[in-house]
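J.: Turn this into a structure:
(one chain, ligands or ions: 1)
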Amino acid sequence: MTASSAQPVGLPFLKGHGTQNDFVIVPDPDGRLTIGPEAVAALCDRRAGIGGDGLLRVVRSAADPAAADQADRAEWFMDYRNSDGSIGEMCGNGVRVFARYLVEAGLVGPGALPVATRAGLRTVLVAADAEDGTPGEITVDMGRAALPGPDGIEVTVGGRSWPALNVNMGNPHAVAFVESLDHAGELRTAPATSPEGAYPEGVNVEFVVDRGPRHVAMRVHERGSGETRSCGTGACAVAVAAARRDGVDPAVTGEAVTYTVDVLGGRLTITEHPDGRVEKTGPAVIVARGELDPAWSELIRGV
Ligand SMILES: N[C@@H](CCC[C@H](N)C(=O)O)C(=O)O
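T.: Have a look, this model is predicted:
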């Protein structure tokens, strides 16, 4: 994609991030645009495009067949794509950034906001901004974690292997507790997982170390995006895996448990409730607004 100096086509975009997991945001309220995998990858390219770990298309649920069955419960559908153009069912940081955009654009008011995703409905709560203007934190009900097994999953990097727990937060995760986050290496390629076939759709892999009581730190290699500085669904998977490793299950104790999860780009707070719901709290900001050059209409249909 080469930029031209012609008049802007007027297709607006924004850029935002949540704990430095960053996204190109494309408002498409009436579902007029077709942004195929090639266009997503080009927009997310950090040298020739806008740059991002993924893309959030903001569309009314009723205007997209992928979310039409949720339209009676959620006006807005988060159409999330990884930076390579592939689909991710859910994005925990993305949904906070998505909500921040809707609120800042005046498209929704304060309070609980239901958002349709490919993993089902998620409810987002945007806290009021601080008096100094600092954007309030955002809490998301991320639904229930599933631990479908099998036992014996392993993650391997650079000749070292660790046992991993398969945690599904609407999307798949393999969570491995390691001695040092450096052991994950450069993470330029996806870590190997075994047994073969455990993750037919690919997997997000988290490497975790302890920082203190109910406090861990992680790195992540995301399916479709590579190493990112944060992964919201990954942080939830990590908190649930850490709780089980620590012998804690809120469904058994009847008490919620909270873990602080440090990511390379900040900090997320994850609470698992006795009914199994996992809540995630963290920041989300919009950092830029602009218009795409007309040259993009070669890749994006409907412009
Ligand atoms: N960064 C996201 C997860 C995005 C989807 C993931 N790469 C997948 O393919 O499942 C998050 O914050 O949860």
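J.: What is the burial count for the residue of the stretch 51-200 of the chain found nearest the ligand?
T.: Per CB to the nearest ligand atom, the residue of the stretch 51-200 of the chain with the smallest distance to the ligand is residue 88, at 2.9 Å. Any C-beta I mention is one placed from the backbone N, CA and C, and that applies to glycine too. Residue 88: 24 surrounding residues under other CB atoms under 10 Å.
J.: what's near enough to touch it?
T.: Residue 88 makes contact with 54, 80, 81, 82, 118, 171, 223, 224, according to CB atoms under 8 Å, 6 or more residues apart in numbering.
J.: which of those tops the neighbour count?
T.: Most neighbours among the contacts of residue 88, by other CB under 10 Å: residue 81, with 29 neighbours.
J.: which residues sit in contact with the nearest residue to residue 246 once chain neighbours are set aside?
T.: Nearest residue to residue 246 in three dimensions, chain neighbours excluded: residue 214, at 7.9 Å (CB to CB, 6 or more residues apart in numbering). By CB under 8 Å, 6+ apart, the contact set of residue 214 is 242, 246, 257, 258, 259, 260.
J.: Separate out the buried members of those.
T.: Buried members of these, counted by 16 or more other CB atoms under 10 Å: 242, 257, 259, 260.
J.: Next, give me the two most distant ones among those.
T.: Largest separation among the buried ones among the contacts of residue 214 by CB to CB: 257 and 260, giving 11.5 Å.
J.: Please produce JSON lines containing the contacts of residue 88, extended by distance to the ligand.
T.: JSON lines is the format used below for the contacts of residue 88 (distance: CB to the nearest ligand atom, whole Å):
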{"residue": "54", "distance to the ligand": "6"}
{"residue": "80", "distance to the ligand": "7"}
{"residue": "81", "distance to the ligand": "9"}
{"residue": "82", "distance to the ligand": "5"}
{"residue": "118", "distance to the ligand": "10"}
{"residue": "171", "distance to the ligand": "3"}
{"residue": "223", "distance to the ligand": "4"}
{"residue": "224", "distance to the ligand": "5"}
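J.: Quick one: residues contacting residue 72.
T.: By CB under 8 Å, 6+ apart, the contact set of residue 72 is empty.
J.: Up against the ligand, what does the stretch 51-200 of the chain have?
T.: Contacts of the stretch 51-200 of the chain with the ligand, taken as CB under 6 Å from any ligand atom, map to 54, 82, 88, 91, 92, 93, 94, 171.
J.: Tell me which entries of these lie within strands.
T.: Those of these mapping onto strands are 54, 82, per DSSP state E.
J.: List just the nearest of the residues of the stretch 51-200 of the chain next to the ligand to residue 104.
T.: Nearest to residue 104 among these, with distances taken as CB to CB, is residue 94, at 15.4 Å.
J.: Hmm, the closest one is touching residue 22, no?
T.: No. With contact defined as CB atoms under 8 Å, residue 94 and residue 22 do not form a contacting pair (9.7 Å).
J.: Comparing those two, which residue is more hemmed in?
T.: Between residue 94 and residue 22, residue 94 has the larger neighbour count (other CB under 10 Å), namely 31 against 25.
J.: give me every residue that touches the more buried one.
T.: 18, 21, 23, 54, 56, 78, 80, 232.
J.: Check it and give its pLDDT.
T.: Note for residue 94: predicted pLDDT of 98.
J.: Excluding chain neighbours, what is closest to residue 161?
T.: Using CB to CB, 6+ apart, the closest residue to residue 161 is residue 154 (4.8 Å).
J.: ok, for residue 183, nearest residue in space, not its chain neighbours?
T.: Spatial nearest neighbour of residue 183, excluding adjacent residues (CB to CB, 6+ apart): residue 160 at 6.0 Å.
J.: for that neighbour, which residues make a bridge with it?
T.: Beta bridges link residue 160 to residue 157, judged by DSSP bridges.
J.: State the distance from it to residue 12.
T.: 46 Å (CB to CB, to the nearest Å).
J.: Same question for residue 135.
T.: The value you get for residue 135 to residue 12, if CB to CB is used, is 20 Å.
J.: now residue 286
T.: From residue 286 over to residue 12 the distance is 12 Å, taken as CB to CB.
J.: out of these two, which sits in the busier spot?
T.: Taking neighbours as other CB under 10 Å, residue 286 and residue 12 compare with residue 286 leading, 18 against 15.
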